[in-house]
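In: Fold the following, please.
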Amino acid sequence: MKIGNAVKQRIIELCKDNNITINKLATISGITQSTLNNITSDRNASTTISTIKKICDGLEITIKDFFDSPLFDNLEQEIK
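Out: Sure, this is the predicted structure:
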């Protein structure tokens with residue numbers, strides 16, 4: 001799995017865990033809905049760490065918590 005797909009799946013997973021929609025996450029994170037929708041619909045495969053930090057702040061979790069998932073255990077090599 002590539003990092004972009006893992007980030008997308010983690011965001012979706014966190015929304016389910018917190019019983020919120022993607023749009024609600026955008027609101028509480030201070031991110032535009034279009035940005036978050038682009039990330040979760042594969043239109044943006046390179047999410048910035050700044051955006052991930054905003055998501056974490058909105059969910060009141062740390063960046064470590066965000067990446068503490070098996071989704072990130074076996075990522076594909078990005079440079080080939």
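In: average pLDDT for the helix or strand harbouring T27?
Out: T27 is part of helix 22-29, with elements assigned from DSSP states H and E. Averaging pLDDT along helix 22-29 yields 97.
In: go on, stretch 70-80?
Out: Across stretch 70-80, pLDDT averages out at 88.
In: now that stretch, how far from the centre of its chain.
Out: On the basis of CA atoms, centre = their mean, to the nearest Å, stretch 70-80 sits 15 Å off its chain's mean C-alpha point.
In: Name the surrounding residues that touch it.
Out: Residues from elsewhere that reach stretch 70-80, judged by CB atoms under 8 Å, 6 or more residues apart in numbering: 1-3, 6, 9-10, 13. Every residue, glycine included, has its C-beta placed from N, CA and C.
In: Helix, strand, or coil at the residue nearest to the spatial centre of the chain?
Out: For the chain, the residue nearest the mean C-alpha position is I11 (3.7 Å; CA atoms, centre = their mean). Assigned with DSSP: H, G, I helix; E, B strand; the rest coil, I11 falls in the helix class.
In: Can you tell me the closest non-neighbouring residue to it?
Out: Closest residue in space to I11, ignoring its immediate chain neighbours: T40 at 5.8 Å, by CB to CB, 6 or more residues apart in numbering.
In: is it true that that neighbour touches I22?
Out: Yes. Assessed by CB atoms under 8 Å, T40 is found in contact with I22 at 5.6 Å.
In: any shared contact partners between these two?
Out: Taking CB under 8 Å, 6+ apart as the contact rule, T40 and I22 both touch 11-12.
In: wait, what's in contact with the closest residue to N23 other than its chain neighbours?
Out: Leaving aside its sequence neighbours, N23 sits nearest to Q33 (CB to CB, 6+ apart; 5.3 Å). Residues in contact with Q33, defined by CB under 8 Å, 6+ apart, are 22-23, 26-27.
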